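>>> make a model of this:
(one chain, ligands or ions: 2)
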Amino acid sequence: MVPLKRRKTNSRSAGSDDVAVTKFPHVIIFIIERKMGASRKSFLTGLGRRKGFRVEECYSQSVTHVVSENNSGEEVQDWLDAQTPGGGRTGVPAHQLDISWFTESMAAGHPVDIQDRHRLRVRMEPSSGATVTTVKGYACQRRTPLQHHNTLLTDALLVLAENAEFCENEGRSVAFRRAGSVLKALPQAVRKMEDLQGLPCLGGHSQRVIKEILEDGKSREVEMMLQSKQYQAMKALTSIFGVGVKTAERWFREGLQRHTDVVNSGYKLNHTQQAGVQYYDDLNTPVTKAEADAIGQIVEEAVQAVLPGAEITLTGGFRRDKLTGHDVDFLITHPEEGKEEGLMPKVVSWLEARGLLLYQKTNTNSYLESTDGPARPSHNMDRFERCFSIFRLERPHARPEQHPQATCEEQPQDDDSARERRASQSPGWKAVRVDLVVTPVSQFAFALLGWTGSQLFERDLRRWAGQEKHMSLSSHALYDSKQNRYLRASSEEEIFAHLGLEFIPPAERNA
Ligand code: UTP
Ligand code: MN
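Ligands and ions are numbered 1, 2, ... in the order given. Here you go, the predicted structure:
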């Protein structure tokens, strides 16, 4: 065992006066020694660290900025390919930059925006007959429609992503989702491996699976996964409202496989899980747009009754023009800042008094700009006043129908007996998951952007903000670390503009 102190010094060979504090956590630099020599690399590494940059000794997949001197794009690409044998990166490719970007950033004291002149050029020579499409590396830079041309491939990648999630390997799961998302943005179906040339985010594993499907029509790995007891049980157990991967995994190890096993087990369930098993069939039947609209009318009535002038907006998948969803998401605000305070409990009481809620759990608003803003890492959880609920929707609006447009991503396994059981259990109404979120009007645009999704689109927006713009984006605000101030916005368009992105309308955010 190496003593801690020595280990620390060893891991950073560039001098003891290096500063450990990283001022720009989203920028992870690696300097290529080739043609530069070890002593210059060591000098530049030390310089970068003293200025608060994170400069890595070794190349890894987490590196975001690769810097070299007197190397061509091809030379750097060859060097990088040699570092990741068997398929290359699974995430977004690192920027390949000339030393000028590094020296300018040192002079400025922060990472300067990447200009074209900083980038190394890589020549692409597609083999004849391949359809070469350029696809940008971040999902928020691309248009991703709901309907696309590669469902066979994306369905398979989704199974691998889900399985990685069941194994609590988030990085792997996101990598498969990214690969699938790139295929969703293609204007045509992939027919041969050459069609993938130049596309970002396709790691070796994803490429192997795609190749197998292109050649044999299916992937053995995916087929086996779909057949596996563990995958099936994890899928069934995590589809119970209130049950996450950890609980499902424990239950599976204890021999449970379906939601009915959970009911029969006699295990003590929390309030949420009790609702989850009680309304299991309904909650696993896709919510239709007609049902979402019917719930919208009820929410509108409730909100107007307790605070006239308040406004509700349908967000989530339905705002992206999806025809079905797993729940219905609403944002509630009032044009006068502050008027929205304390609104949620009143809305909930109004709904409860009319017997419209089968379940609800309300969180209070805990967001404070002064403490929650720039210092916090930007991640998914936001701090709005929020109500997770299950509505009791009268049946006329909730006719069980088949939806041909629904992809397998949204369509739970169903059969006649399940449908009959459902109909006999709850003939007059359907249980529907609804998320209500109250936002001050000053944060509305950020909340709307954050809650419209898709999840991968949101993830890449936040990553783009951090890595490319040195900003921090959440569902509450946008903070600019270079100017040390918040950037205000009253529309989604303004937020895209602040981020230097082309505006992507909701229907094309189905990444
Ligand atoms: P959903 O999980 O409801 O997804 O979250 P969806 O796109 O509407 O799809 P279905 O049809 O319901 O399955 C909607 C958006 O809200 C954000 C997510 O990032 C997602 O993009 N969200 C969700 C949050 O910001 N915070 C949360 O706690 C939950
Ligand atoms: Mn939703």
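
>>> in the stretch 401-511 of the chain, which spans are helices?
Ranges of helices within the stretch 401-511 of the chain are 416-425, 444-452, 455-469, 492-498, based on DSSP state H, counting those that start in this stretch.

>>> out of those, nearest to Ser181?
If you check each of the helices of the stretch 401-511 of the chain against Ser181 by Cβ to Cβ, helix 455-469 wins as the nearest, at 5.3 Å. Yep, even glycine has a C-beta here, placed from its N, CA and C like the rest.

>>> wondering if that closest one reaches ligand 2 at all.
No: contact of helix 455-469 with ligand 2 (Cβ under 5 Å from the ion) is absent, the minimum separation being 9.8 Å.

>>> buried residues of that helix, list them for me.
Residues 456-469 are the ones in helix 455-469 that count as buried (16 or more other Cβ atoms under 10 Å).

>>> other SSEs contacting that helix?
Packing partners of helix 455-469 (3 or more Cβ pairs under 8 Å, 6 or more residues apart in numbering; DSSP states H and E): helix 170-184, strand 471-473.

>>> where does the stretch 401-511 of the chain have low pLDDT?
401-427 (pLDDT under 70).

>>> can you list the residues of it near ligand 1?
By Cβ under 6 Å from any ligand atom, the residues of the stretch 401-511 of the chain that approach ligand 1 are Gly450, Trp451, Gly453, Ser454, Gln455, Glu458, Ser475.

>>> what of the chain?
Contact residues, the chain versus ligand 1 (Cβ under 6 Å from any ligand atom): 316-317, 322, 325-327, 329, 380-382, 450-451, 453-455, 458, 475.

>>> looking at the residues you listed, which are in strands?
Mapping the residues of the chain next to ligand 1 onto strands (DSSP state E) picks out Gly325, Asp329.

>>> any of the residues of the chain next to ligand 1 buried? List them.
By neighbour count, with 16+ other Cβ under 10 Å, the residues of the chain next to ligand 1 hold 316-317, 322, 325-327, 329, 382, 450-451, 453-454, 458, 475 as buried.

>>> ok, and the closest non-adjacent residue to His110?
Closest residue to His110 apart from its sequence neighbours, by Cβ to Cβ, 6 or more residues apart in numbering: Lys482 at 5.7 Å.

>>> that neighbour reaches Val112, doesn't it?
No: the criterion here is Cβ atoms under 8 Å, and Lys482 misses it with Val112 at 9.4 Å.

>>> and whichever residue of the stretch 151-300 of the chain sits closest to ligand 2, how close does it get to Ile298?
Ligand 2 sits closest to Val287 of the stretch 151-300 of the chain, with a gap of 8.5 Å, by Cβ to the ion. Val287 sits 14 Å away from Ile298, taking Cβ to Cβ, to the nearest Å as the criterion.

>>> of these two, which one has the most company?
Neighbours per residue (other Cβ atoms under 10 Å) separate Val287 from Ile298, with Val287 holding more: 26 against 18.

>>> which residues does that one bridge with?
For Val287, the beta-bridge partners under DSSP bridges are Gly325.

>>> hmm, it is touching Thr324, no?
Yes: in this structure, Val287 is within contact of Thr324 by Cβ under 8 Å, at 6.2 Å.

>>> circling back to that earlier point, report pLDDT for the residue of the stretch 151-300 of the chain closest to ligand 2.
Per-residue confidence (pLDDT) for Val287: 98.

>>> where does the protein get nearest to ligand 2, residue-wise?
For the chain, Cβ to the ion, closest residue to ligand 2: Gly316, 3.2 Å.

>>> got the contact list for that residue?
Residues counted as contacts of Gly316 (Cβ atoms under 8 Å, 6 or more residues apart in numbering) are Gly325, Asp327, Val328, Asp329, Asp435, Trp451, Thr452, Gly453.

>>> return the residues of the chain in contact with ligand 2.
Within reach of ligand 2 by Cβ under 5 Å from the ion, the chain has these residues: Gly316, Gly317, Gly325, Asp327, Asp329.

>>> for the last one, which non-adjacent residue is spatially closest?
What sits nearest to Asp329 in space, not counting adjacent residues and going by Cβ to Cβ, 6+ apart, is Gly316, at 3.3 Å.

>>> gap between the one you found and Thr452?
Taken as Cβ to Cβ, the span from Gly316 to Thr452 is 7 Å.

>>> one more: Met225?
Remark: distance between Met225 and Thr452 (Cβ to Cβ) = 31 Å.

>>> related to what we said a few turns ago, which of Lys482 and Val112 has more neighbours?
Under the neighbour definition other Cβ under 10 Å, Lys482 and Val112 were set side by side, and Val112 has more, 18 against 15.

>>> where does the more buried one land in three-state SS?
Using DSSP: H, G, I helix; E, B strand; the rest coil, the structure places Val112 in coil.

>>> from what I see, it and Glu104 are in contact.
Yes: the criterion here is Cβ under 8 Å, and Val112 meets it with Glu104 at 4.9 Å.

>>> so where do the helices sit in the stretch 201-350 of the chain?
Under DSSP H, counting those that start in this stretch, the stretch 201-350 of the chain gives helices at 204-216, 220-227, 229-238, 245-253, 259-265, 271-278, 280-283, 289-306, 316-319, 343-353.

>>> likewise for the stretch 1-150 of the chain?
Counting by DSSP H, counting those that start in this stretch, the helices of the stretch 1-150 of the chain are 4-11, 38-50, 73-83, 99-108.
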